[in-house]
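Enquirer: The sequence and its predicted three-dimensional model are supplied below.
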Amino acid sequence: MNKQDIEKGRNNAIISYITIIGVVIAYFLNNDADKKSDFTSFHVRQSLGLWLTFYALGYIVGGFDSWLVTSSFYLFFAILFIYGLVSAIGRKAQTVPLVGAFYQKLFANI
């Protein structure tokens with residue numbers, strides 16, 4: 001990724017972390033052949049993986065009747081989302097800790 005590619009895709013990368021709908025919007029904005037950015041694709045993969053994992057594990061965690069379990073779950077994912085968002089704002093392509101490399105391999109075709 002060069003500096004021009006990062007600047008071109010920075011806004012879409014930031015949008016991808018807002019909500020799951022932001023991931024879809026950023027994906028389609030980045031899908032145009034003329035505006036395709038590797039930086040945006042990187043962050044869309046990271047964000048999509050985080051959102052899907054959040055919803056899948058959230059369904060399981062929702063079954064627990066403990067505020068400690070649910071609050072630690074939300075805090076963990078809040079930290080991961082903030083890490084990814086700050087990375088996008090800071091024009092860096094850093095994987096999210098623990099699961100980021102897995103998301104890059106899993107969603108390599110995006």
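Expert: Ah, there it is.

Enquirer: Going by C-alpha atoms from here, please, whenever you check contacts or count neighbours.
Expert: Noted.

Enquirer: so residue 95, which of the three states?
Expert: At residue 95 the chain is in coil, as set by DSSP: H, G, I helix; E, B strand; the rest coil.

Enquirer: how near is the nearest residue to it once chain neighbours are set aside to residue 9?
Expert: Among residues not flanking residue 95 along the chain, residue 101 sits closest, at 6.2 Å (C-alpha to C-alpha, 6 or more residues apart in numbering). The gap separating residue 101 from residue 9 is 20 Å, by C-alpha to C-alpha, to the nearest Å.

Enquirer: Look at the two and report which has more neighbours.
Expert: Here residue 101 and residue 9 are compared on neighbour count by other C-alpha atoms under 10 Å; more neighbours surround residue 9, at 24 against 14.

Enquirer: Name all residues that make contact with the residue nearest to the spatial centre of the chain.
Expert: Closest to where the C-alpha atoms of the chain average out (C-alpha atoms, centre = their mean) is residue 47, at 1.3 Å. Residues counted as contacts of residue 47 (C-alpha atoms under 8 Å, 6 or more residues apart in numbering) are 16-17, 23, 81, 84.

Enquirer: which residue ranges form the helices in the protein?
Expert: 3-15, 20-30, 38-61, 67-89, 100-106 (DSSP state H).

Enquirer: possible to save these as TSV with mean pLDDT?
Expert: Putting the helices of the chain into TSV (pLDDT from 0 to 100) gives the following:
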stretch	mean pLDDT
helix 3-15	92
helix 20-30	94
helix 38-61	95
helix 67-89	95
helix 100-106	94
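
Enquirer: for stretch 16-23, which positions count as buried?
Expert: For stretch 16-23, burial by neighbour count (16 or more other C-alpha atoms under 10 Å) applies to 16-17, 20, 22-23.

Enquirer: May I have the phi/psi pair for the most far-flung residue of the chain relative to its centre?
Expert: In the chain, the residue that sits farthest from the middle, by C-alpha atoms, centre = their mean, is residue 65; the gap is 28.3 Å. Main-chain torsions, residue 65, degrees, to the nearest 10: phi -110, psi 60.

Enquirer: Count the neighbours of residue 97 for me.
Expert: 11.

Enquirer: need the contact list for the residue nearest to it when sequence neighbours are not counted.
Expert: Once flanking residues are discounted, residue 97 sits nearest to residue 80: 7.4 Å by C-alpha to C-alpha, 6+ apart. Residues in contact with residue 80, defined by C-alpha under 8 Å, 6+ apart, are 50, 96-97.
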